[in-house]
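A.B. asks: Generate a structure from the sequence data that follows.
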Amino acid sequence: MTRAVCPGSFDPVTYGHLDIFRRTAGLFDELVVATGTNISKSRLFDPDERLEMLREACAEIPNVTVMGFTGLIVDFCREIDAQAIVKGLRGGNDYEYELPMAQMNAHLTGIETIFVPTTARLGYVSSSLVKEVASLGGDVSEFVTPAVHERLTAKLAARHA
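C.D. replies: A predicted model of the protein is given here:
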């Protein structure tokens, strides 16, 4: 059985993420979408909220499992016997950021990273941009599922109150 892990903060999960999940799920027997703690990023949603949104958003992809993790992604991969890490790339900046991590992960454990480019129509969508636009009152409903949109607008309204 081949298993890959697609890690990220998914704060919140977007249609860009879902596109990568769907396309990658077709390449492996199982895809584990894993959200962890990255101290270099600030979060709008707590880990349990992100896991719940991911589970709802991925419910229609039959071979996707959603899990949380702490620590190094390569340790998590070893724990669940994953053969690969999958990272979506929007462009050159993502590649420049992800490549050294992929090389370090391969050096530490031999686990390979597979880069999957986003589709052109979603190449500019990021969780950070979605949060920024939504916080300024912009309509981001075309970038996230209805359930995620509802949670996002409620969370931002609560923050502004």
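
A.B. asks: for this structure, what spans make up the helices?
C.D. replies: Per DSSP state H, the chain carries helices over the ranges 15-25, 47-58, 73-79, 92-109, 127-135, 146-160.

A.B. asks: which helices and strands does the last one pack with?
C.D. replies: When contacts are defined as 3 or more Cβ pairs under 8 Å, 6 or more residues apart in numbering; DSSP states H and E, helix 146-160 sits against helix 47-58, helix 127-135. In short, each C-beta sits where N, CA and C put it, glycine included.

A.B. asks: As TSV, these with mean pLDDT and mean neighbour count would be great.
C.D. replies: Listed next are these as TSV, based on pLDDT from 0 to 100; neighbours: other Cβ atoms under 10 Å:
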stretch	mean pLDDT	mean neighbour count
helix 47-58	96	18
helix 127-135	95	17
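
A.B. asks: Mind putting these into CSV with distance to A120?
C.D. replies: Formatted as CSV, the helices and strands packed on helix 146-160 follow (distance: least, Cβ to Cβ, whole Å):
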stretch, distance to A120
helix 47-58, 21
helix 127-135, 16
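
A.B. asks: among the ones you listed, which is nearest G16?
C.D. replies: Relative to G16, the nearest member of these by Cβ to Cβ is helix 127-135, separated by 8.7 Å.

A.B. asks: wait, isn't L89 in contact with T118?
C.D. replies: Yes: using Cβ atoms under 8 Å, L89 is in contact with T118, at 6.8 Å.
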